[in-house]
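Asker: With the sequence up front, the predicted model follows.
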Amino acid sequence: MLALGSSCAILMPAPGSDMRKSSDEILHSLVHDLRQPLGNLETGLFLLDMVLDHPSGRVREQMRLMERQMVQAAQLLHHASEELRALGAQRAMDGGAAGSLALTNSATAAVT
C-alpha cells in the first residue's frame, strides 16, 4: 500500500495478482506523480528569482540550494524511469508481461 498526500490514490495489489507487477506499477506511478510538483516548484523558483531581481545573501543561498535539490530530484526521477524501462524490457525478453511498464519517454518528460 502506498499513500502520498490527500490527492494520491492508495495503491494495493488485487487479490491473486502478481506482486512484482504491482510493485512496478507503484514505482511507475510514483515517478510519474513526482514530476508534476517538481515542475511546479521549478517554475515557482524561476518566478521568485524574476520578482526579486537581485536577491541578497541568505535568500540567494536558499534559492540556489533549492535549485540544486530540484536538479538532484529530477536526476533521480530520470534514473528511476530508465531503470524501470530497462526492467520492463528485460522482462519482455524473458517472456514476462511485455506491456507492463508503459513509461513516459524521458526525452519528452518536462522535469527540468
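Answerer: Thanks, I have the structure now.
Asker: The longest helix anywhere in the chain - what's its average pLDDT?
Answerer: Scanning the chain for the longest helix, with DSSP state H as the assignment, gives helix 57-93. Mean pLDDT, taken over the full extent of helix 57-93, equals 89.
Asker: Just the buried positions in that helix, please.
Answerer: For helix 57-93, the neighbour count (16 or more other CB atoms under 10 Å) marks 67, 70, 73-74, 77-78, 80-81, 84-85, 87-88, 91 as buried. For glycine as for every other residue, the C-beta is placed from the backbone atoms N, C-alpha and C.
Asker: and what of stretch 45-53?
Answerer: Buried residues in stretch 45-53, counted by 16+ other CB under 10 Å: Asp49.
Asker: Just the C-alphas of it, formatted as CSV.
Answerer: What follows is stretch 45-53, C-alpha atoms only, in CSV (Å, rounded to 0.1, in the frame of the first residue of the first chain):
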residue,chain,number,x,y,z
LEU,A,45,11.6,29.4,-8.1
PHE,A,46,12.1,30.9,-11.5
LEU,A,47,9.3,33.4,-10.9
LEU,A,48,10.7,34.2,-7.4
ASP,A,49,14.1,34.9,-9.0
MET,A,50,12.5,37.2,-11.6
VAL,A,51,10.5,39.1,-8.9
LEU,A,52,13.4,39.6,-6.5
ASP,A,53,15.7,40.7,-9.3
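Asker: mean confidence for that stretch?
Answerer: Computed over stretch 45-53, the average pLDDT equals 89.
Asker: can you list contacts of it?
Answerer: For stretch 45-53, the external contacting residues (CB atoms under 8 Å, 6 or more residues apart in numbering) are Pro55, Val59, Met63, Met66, Glu67, Met70.
Asker: now, among those, which is nearest to Gly39?
Answerer: Within the contacts of stretch 45-53, the smallest distance to Gly39 is 9.3 Å, found for Met70 (CB to CB).
Asker: can you pull the contacts of the closest one?
Answerer: By CB under 8 Å, 6+ apart, the residues touching Met70 are Leu38, Leu41, Glu42, Leu45, Thr112.
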